[in-house]
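# 3D, please:
(2 chains)
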Amino acid sequence: MKGLMIKDAYTLVKQMKVFLIMLVVFACIPGYSVSSFAVIYASMLPMTSIAYDERSRWDRLAAMMPYSARDIIMSKYVLGYILTGIAALLSLAAQAVASVFSSSAFGTEYVISILLVLCCAVIIQSAELPIIFRFGVEKGRLSLIILTVVIVIVIMSFGGGLVRHFAHMGMNVSFMTAACITAALVINVISVFISQKAYAKKMQAGH
Amino acid sequence: MTQTQTNAIEVRGLNKIYSDFKLDDISFILPSGCIMGLVGENGAGKSTAINLIMDAISRDGGTVDVLGVDNQSREFINVKEDVGIVLDEAYFPEVLTAKNVNTVMKNTYRRWNEKKYAEMLSRFSLPLSKPFRDFSRGMKMKLAIAVALSHEARLLILDEATGGLDPMMRDEILDIFNDFTRDEDHSVLISSHIVSDLEKICDYIVFLHRGKLMVCEEKDRLLEEYAVLRLSREQMKDIPAGSVMGMKENAFGAEMLVRRSEVSDAFHTEHTTLEDIILFMAKGAQD
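You can find the predicted model right below:
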């Protein structure tokens, strides 16, 4: 799997240089909304990487190399986890630095907000990858756009407010956060399972 | 076909059914240390057979053993370490350079040999830092061949690997494949449209036509067994029908591919080439 991840890293860095720089800049802008966008955007990069694989027909070659179907699938999930994780960490670091030089707040609430965005990002990824593995990027594009726009709007509009609201209501935020993380984990495990089935079906069709 | 102690590839009763094509009950054995040519027209099923051998697509029937291992067993992933692959296109991501490919393959194959890869790049005059998208087709194929030969493979599977290369380069590549099989443990399965290339290097020939196996035979035996006859219409009557494998009729008579052993010595048979045998047999199957 390491070889696949290195290949993806080369491809993304060389093809998406400007977008990756923008992602880092957005993640580093203190504040909730823009950094949320960076984390969500990072979760879409595995799909971009699959699109490049399709363009070069890398999958045909990879199927003959010592990679299992599981390696091929997991490499995309792990790529997404790493990228969203980096975006979230950059965002937290930027907010922490900003709070030293200004009066902007950096506390548990911000950490929880970013953590929730991170959960949403990996849930978006887990919803999209099985579709892409089954139908390819071109055919799955429309469903991806709709899904992503809906989730991003919901998070941008209600994410931070919801956390504050629950806090004001005296609900246990730690419990809510733990529930979200658990949900993200469970959805991802199910998603990997479905992706394996979807990929096998694509193999059945003989590409 | 003579079997050595171990076979590189054993294909038995292989089937794959698509809506518009069927690979039908294919069986052949590639003994270790030999080169087998897979020949057939476009759409004959050569690439499908190669994909099935590497378990890259699912099969509908039959069995395949590669280097003594069932290709649907868990151990097959380790066998893939021993198989060098060159497909009809190189299929590396277009932004990668030969140097990047080295890093990717170093982390893919356990026995990746960087020194050998560097030697191959130098032998093929391939640049280290030029993106793959800027390579010519010939350069792309050379890079794929360099990769296939740099991880201590015991079996090379080549799908139209010499296509797009100039004759001199093709000759050089064929020599490399020939050298590869000097080790008794090394074998090659090569599919190509260029039958003259196969005739130069192959020990065995598998001829597929419309998804069916027409011939699986030692090349030298094929060339000994078959001959071309040019006959008038009257002479044609004296040829046993079962000995004719294919025929091209013209205004004066016919050219036919026959089994030499089944035709009277009174007829003057001409030595034939692999290309003639394939063409006559394909025509015979169509008729």
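# Could you give the number of residues near A:I124?
Applying other C-beta atoms under 10 Å in any protein chain shown, we find 24 residues neighbouring A:I124. C-beta here means a position set from N, CA and C on the backbone, and glycine is covered the same way.
# hey, what's the closest residue to B:I35 other than its chain neighbours bridged with?
Distance criterion C-beta to C-beta, 6 or more residues apart in numbering or on different chains; nearest residue to B:I35, sequence neighbours excluded, is B:V188 at 4.4 Å. Beta-bridge pairing of B:V188 under DSSP bridges involves B:I35, B:L156.
# gap between B:V188 and chain A?
Using C-beta to the nearest C-beta, to the nearest Å, B:V188 is found at 15 Å from chain A.
# Just to check, that residue is in contact with B:A161?
No: B:V188 is beyond contact range of B:A161, at 9.8 Å (criterion: C-beta atoms under 8 Å).
# More neighbours: these two, which one.
Neighbours per residue (other C-beta under 10 Å) separate B:V188 from B:A161, with B:A161 holding more: 28 against 25.
# Over to the closest residue to that one other than its chain neighbours: give its phi and psi.
Excluding the flanking residues, the one nearest B:A161 by C-beta to C-beta, 6+ apart is B:V86, at 4.1 Å. When read as degrees, to the nearest 10, the backbone of B:V86 gives phi -130, psi 120.
# Report how many residues lie close to B:V86.
B:V86 has 26 neighbours, counted by other C-beta under 10 Å.
# what is it paired to in the beta sheet?
Residues in a beta bridge with B:V86, per DSSP bridges, are B:L158.
# for it, what are its contacts?
B:V86 is in contact with B:141, B:144-145, B:148, B:156-159, B:161, counting by C-beta atoms under 8 Å, 6 or more residues apart in numbering or on different chains.
# counting contacts, what elements does the top helix by length along chain A pack onto?
Longest among the helix segments of chain A by residue count, using DSSP state H, is helix A:108-168. On a contact count with 3 or more C-beta pairs under 8 Å, 6 or more residues apart in numbering or on different chains; DSSP states H and E, helix A:108-168 meets helix A:32-56, helix A:69-101, helix A:173-204.
# could you list every residue that touches the residue nearest to A:K14 when sequence neighbours are not counted?
Sequence neighbours aside, B:V95 is the residue nearest to A:K14 in space, at 4.0 Å (criterion: C-beta to C-beta, 6+ apart). Counting by C-beta under 8 Å, 6+ apart, B:V95 touches A:10-11, A:14-15, B:131-133.
# now do 7 Å
Taking C-beta atoms under 7 Å, 6 or more residues apart in numbering or on different chains, we find B:V95 in contact with A:10-11, A:14-15, B:131, B:133.
# among the residues you listed, who's most crowded?
Of the contacts of B:V95, with other C-beta under 10 Å as the count, A:T11 tops at 23 neighbours.
# how much space is there between it and B:I85?
Using C-beta to C-beta, to the nearest Å, A:T11 is found at 20 Å from B:I85.
# Ok, B:N178 next?
19 Å.
# B:C202 too?
18 Å.
# Between those two, tell me which one has more neighbours.
A direct count of neighbours by other C-beta under 10 Å for B:C202 and B:I85 places B:C202 higher, at 27 against 24.
# Which pLDDT does the model give the more buried one?
In this model, B:C202 is scored at 90, pLDDT.
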